[in-house]
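**Student:** Got a predicted model here, sequence first, then my questions.
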Protein chains: 2
Amino acid sequence: MDKIKIAVDCMGGDNAPGEIVKGCIEALKTHDDILILVGKNDVINKELSAYSYDKNRIEIVDAKEVISTDEVPTVAIRKKKNSSMVVGLNLVKEGKASAFISAGNTGALLTGATFIIGRLKGVERPALAAYIPTEKGPSLLLDVGANADCKPSYLVQFAHMGAIYYENIMGKENPSVGIVNIGLEEEKGNQLTKEAYQLLKETDLNFIGNAEARDIMANVADVIVCDGFVGNILLKSGEGITASLFRLIKGAIMKSIVSKIGALLCVGSLKELVKSMDYSNANGAPFLGLNSLVVKAHGSSNARDIVGAVSQCRSFIEKDIVNKIKEKM
Amino acid sequence: MDKIKIAVDCMGGDNAPGEIVKGCIEALKTHDDILILVGKNDVINKELSAYSYDKNRIEIVDAKEVISTDEVPTVAIRKKKNSSMVVGLNLVKEGKASAFISAGNTGALLTGATFIIGRLKGVERPALAAYIPTEKGPSLLLDVGANADCKPSYLVQFAHMGAIYYENIMGKENPSVGIVNIGLEEEKGNQLTKEAYQLLKETDLNFIGNAEARDIMANVADVIVCDGFVGNILLKSGEGITASLFRLIKGAIMKSIVSKIGALLCVGSLKELVKSMDYSNANGAPFLGLNSLVVKAHGSSNARDIVGAVSQCRSFIEKDIVNKIKEKM
C-alpha cells in the first residue's frame, strides 16, 4: 500500500496551533504515513522549529485565513477560500490527501465537507458519528449534529453507514442497530422514529428495534441512529452530566478529612472507570457518507487526541470504508 | 379553605397496591385533607386492614378494571371505562376530587386526562413537567413526554405554564426560561427551536435564549422547554447515566480491599449528593394545562413517593395554579 497522506487543520480548535502541531509530530512515531499541515506558514514553521522530525514526512500547505468558531458556517465557507479548512478540504477533493482532520468550527467543517468533497452517490445526507461510553464498551451514535431535521430514510442510511463503520473498525460482524426512542414498542415515539422503525424492519440489518434513552448506557445496541438534534443532545448531556457528577463527587469528598483519606484509597480503582466514561471521542468523529474521509476532532483536542484522529484516519482508509459505503448505497 | 379531596389510583405502578395504599395512610399524617382511594374494593380494603387510621379521611371508590403498562393508551382509555384510571379521572371531572394521582401507564394517563378532564381554554397542548437535578438545585423541564411532535407555539405555552408553576412552587419570582438546544446562537438548532426562539423573544418571560444540553446540569435556566421527545430523552438518559455511573463506581470500588475501606470513609460525604442527583421526581410530575390537576407518579413509586405526590397536589391547589395558568392563556 502506498503511503497515506493525511491533511490536518493546524488553525482549528481551542489549543491550535501548539497542540495540533505537537500531535502531528507525535503521530509520526506510530505509523509511516505523511502528514500535510494546513495553516499559516509562519505560525506552523515556528511551532515545528521546536521539534526534530523526519522532514520527508511533514508537508506544509499555506492557508492565510482562519475560520473561527463563532462564524456562520455557510458564510465562512463561501467567503474564506484561503482558510485552513477550505484549503484542507480542497486537498482531499483534488486527491492530494486521503483524509482531512479539523478541530475547528463543526458547522463550517460539515458544510464545507458536503459542498467541497461531496456526498457519495445515493447518500441523502452524510452523518457525523461519535462513540458514547456504555457499561460494556462504546456504542456508535449517529447523527450527532450534521442534520438537525431528518427524514425517516436518512435514519435508514445512517444505520447502514454506521453498521459498516462499526463492523470494520470495531471488528464485530453484523453489529446490532437500534433507534433512539422514548419507548420500546414500535408504535412509540415521534413521527420520525415511527416511520424509520417500519423502514428499518425491512432491511437486512441486525435491527433490534427501539433503544430507550435510559438503557443506552447499558449497551442495548452497537449502532444507534437518530436525528442530529437528538444525537447532539444525547452526546452533550452525557458529557455534561458525567463532568458535573465527577465535579460534585470531588466537591463532596473535599469537605471532610475523613472522606479525603477515603478518596485517596479509591483513586486507583476509579482511574480506569473515569477514563472509560470519556465522551470526548478522543479519536475524532468521522463524517460518514462523503466521497472521502473528513474527521471532526473535539474542539478542545490536545496532542494526544490528534494522534488518535490520525490513527482513526489510517484504520478508516485501510479498511476502505468509503468504498464499502459506496457499494451498499 | 375547605378540605381538599385528592383521588389516588391504587392499582397503577410497579408497587401497587401495597405501597400506594401505605403511602396514602402515611400522607394522612402530614395534612388534614381527604384521600379517595380508587381501585378494586376488596383489594384496597385488604391493604387498609393492616393500618389504623381516621376513617373519615379515607374514602374508597370501586373500580373493577386495571389498565396495565403495556396497553395501547387510546384503546385502554376508550374500552376500560371501569378502570381505576378512568374512574379516578372522572371523579376530578365531576368535581368530586380536586386532583388525581396515578403511577400507572403514562400514555394512558395523559390521553385520559386530556380526553376526560380537558384542556384549559387557550392551551393547545398540555405538557408533563418534571424536575431535573442540576448543580444548583432543580430545573423544571417540559414537555417530558406528552407531545412527541410539537409546533413552535406549543413551546411558548409550555414556557408560560412552566414559569407560573416554578414561580409558585419554588417561590422564585420571574424565573428564567430557556430552550433546549444544540448551540447558543439563535440561528442554531432545528426548525422547531429556531422558530420557538423568535416567538419567545417577543414574550414578557425572562427568556435567556438557548440552553445547551451540556450546560443544563450547571443550572442555566429555571425552566427549560422542548418537545416531549427531546424532554423524555433528556430525563431518561440522565436517569440512565447517573444510575450506571453509581453502579460502575460501586463495582470498581468493590474490586479491592483498600478501595472498599476508602469508600466507607466517603459514604457520609456522598450520601447527600447521591440523593440530590435523583431523577425520579419523587413528588410526581404535574400535567400542566388541564382544567384540573393530574399528577403522574413514577412507575416505581413507593409509599414515600405517594406522600410526596399528595403534598405536591396540596401546594398546587393552594397556590391555585390551574386558575393562574387559565388567566395567562
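**Tutor:** Now that the structure is in, tell me what you want to look at.
**Student:** Point out where the stretch 1-150 of chain A drops to low pLDDT.
**Tutor:** In the predicted model of the stretch 1-150 of chain A, residues A:1-2 satisfy pLDDT under 70.
**Student:** Can you pull the residues of it lying near chain B?
**Tutor:** Within the stretch 1-150 of chain A, the positions near chain B by C-beta under 8 Å from any C-beta of the partner chain are A:Asp70, A:Val72, A:Thr134, A:Glu135, A:Gly145, A:Ala148, A:Asp149. C-beta coordinates here come from the backbone N, C-alpha and C atoms, glycine included.
**Student:** so A:Tyr154 touches A:Asn147, yeah?
**Tutor:** Yes: counting by C-beta atoms under 8 Å, A:Tyr154 does reach A:Asn147; the two are 6.4 Å apart.
**Student:** Mutual contacts of these two, please.
**Tutor:** A:Arg125, A:Ala127, A:Asp227 (C-beta atoms under 8 Å, 6 or more residues apart in numbering or on different chains).
**Student:** Of these, which is the most crowded?
**Tutor:** A:Ala127 (32 neighbours; other C-beta atoms under 10 Å in any protein chain shown).
**Student:** can you dump the C-alpha coordinates of stretch A:120-133 into CSV?
**Tutor:** The C-alpha atoms that make up stretch A:120-133 are tabulated as CSV, following Å, rounded to 0.1, in the frame of the first residue of the first chain:
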residue,chain,number,x,y,z
LEU,A,120,-21.3,9.6,-2.1
LYS,A,121,-23.9,8.7,-4.8
GLY,A,122,-27.1,7.5,-3.2
VAL,A,123,-26.3,9.1,0.2
GLU,A,124,-29.1,11.6,1.0
ARG,A,125,-27.3,13.2,4.0
PRO,A,126,-23.8,12.5,5.4
ALA,A,127,-23.8,11.9,9.2
LEU,A,128,-21.4,12.7,12.0
ALA,A,129,-20.8,9.5,14.0
ALA,A,130,-19.5,9.5,17.6
TYR,A,131,-18.9,6.9,20.2
ILE,A,132,-20.8,7.1,23.5
PRO,A,133,-19.5,5.2,26.5
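**Student:** what distance separates it from the centre of its chain?
**Tutor:** 10 Å (C-alpha atoms, centre = their mean, to the nearest Å).
**Student:** residues of it that come out buried?
**Tutor:** Judged by neighbour count (16 or more other C-beta atoms under 10 Å in any protein chain shown), stretch A:120-133 contains these buried residues: A:Leu120, A:Val123, A:Glu124, A:Arg125, A:Pro126, A:Ala127, A:Leu128, A:Ala129, A:Ala130, A:Tyr131, A:Ile132, A:Pro133.
**Student:** mind listing which of the residues you listed are in strands?
**Tutor:** Under the assignment DSSP state E, the buried residues of stretch A:120-133 contribute A:Ala127, A:Leu128, A:Ala129, A:Ala130, A:Tyr131, A:Ile132 to strands.
**Student:** List the contacts of the second one.
**Tutor:** By that I understand A:Leu128. A:106, A:110, A:142-146, A:228, A:231, A:285-288, A:296.
**Student:** excluding its backbone neighbours, what's nearest the one residue sitting closest to the centre of chain A?
**Tutor:** Note on chain A: the residue nearest the mean C-alpha position is A:Ala285, at 0.7 Å, using C-alpha atoms, centre = their mean. Leaving aside its chain neighbours, A:Ala285 sits nearest to A:Ala130 (4.3 Å; criterion: C-beta to C-beta, 6 or more residues apart in numbering or on different chains).
**Student:** for A:Tyr279, same thing?
**Tutor:** Using C-beta to C-beta, 6+ apart, the closest residue to A:Tyr279 is A:Glu239 (4.0 Å).
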